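Student: how would this look folded up:
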Amino acid sequence: MRKFGLALGLLLVTLTFAAAASADPTHNVNAPFTMSCDDGQSVVVNPGTVTNQSRQAFVVSSDGTISSTSILVINYLALSDGTDNLVLFDSAPGLTPQGLVTCTTDIGGGVTLVVRGFFTPGL
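Tutor: Here you go, the predicted structure:
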């Protein structure tokens with residue numbers, strides 16, 4: 001039942017982005033959202049367009065030291081219902097967690113988006 005909930009959450013996110021893609025002629029379809037990170041900072045990121053498959057999110061602002069010109073490079077993406085995780089990708093499972101940050105955001109329906117990666121230095 002929990003895996004069904006995670007799959008349903010993924011379906012809802014996919015349909016939301018697909019609907020936004022067809023409604024926005026500028027193709028800047030994904031709205032920024034706030035993530036809370038395990039280093040104590042909150043960051044607003046824009047995941048880019050639907051065609052952005054580069055596993056990154058663009059920093060819009062933060063309440064800490066992360067620059068608004070930084071990029072969040074993601075190597076792990078999952079959906080969690082608090083009990084089970086549906087891992088969408090883990091591109092570097094052997095990568096040491098040193099220097100990596102885990103950030104989360106609630107996407108509704110009891111499902112949390114979990115990303116792990118690093119922030120590039122700002123310009």
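Student: Phe119 reaches Ser68, doesn't it?
Tutor: No: taking contacts as C-beta atoms under 8 Å, Phe119 lies outside contact range of Ser68: 11.0 Å. Where you see a C-beta, it was placed from the backbone N, CA and C, and this is true even at glycine.
Student: between the two, which has more neighbouring residues?
Tutor: Remark: of Phe119 and Ser68, Phe119 carries more neighbours, 24 against 13, as counted by other C-beta atoms under 10 Å.
Student: which residues does that one bridge with?
Tutor: Judged by DSSP bridges, the bridge partners of Phe119 are Leu72.
Student: which residues does it contact?
Tutor: Val43, Val59, Ile66, Ser67, Ser70, Ile71, Leu72, Val73, Val101 (C-beta atoms under 8 Å, 6 or more residues apart in numbering).
Student: switch the cut-off to 7 Å
Tutor: Val59, Ile66, Ser70, Leu72, Val101 (C-beta atoms under 7 Å, 6 or more residues apart in numbering).
Student: need the buried ones from those residues selected in ChimeraX.
Tutor: The ChimeraX selection below is limited to those of the contacts of Phe119 classed as buried (16 or more other C-beta atoms under 10 Å):
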select :59,66,70,72,101
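Student: do a quick rundown of the strands in the chain.
Tutor: 33-37, 42-46, 56-62, 71-80, 85-90, 101-108, 111-119 (DSSP state E).
Student: now the last one - C-alpha only, PDB.
Tutor: Think strand 111-119. Extracted in PDB, the C-alpha atoms of strand 111-119 (Å, rounded to 0.1, in the frame of the first residue of the first chain):
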ATOM      1  CA  VAL A 111       5.100  12.400   0.100                       C
ATOM      2  CA  THR A 112       8.500  14.100   0.500                       C
ATOM      3  CA  LEU A 113      11.000  14.800  -2.300                       C
ATOM      4  CA  VAL A 114      14.500  13.900  -1.200                       C
ATOM      5  CA  VAL A 115      17.600  15.100  -3.000                       C
ATOM      6  CA  ARG A 116      21.300  14.600  -2.200                       C
ATOM      7  CA  GLY A 117      24.100  16.500  -3.900                       C
ATOM      8  CA  PHE A 118      26.300  19.500  -3.600                       C
ATOM      9  CA  PHE A 119      26.100  23.200  -4.400                       C
END
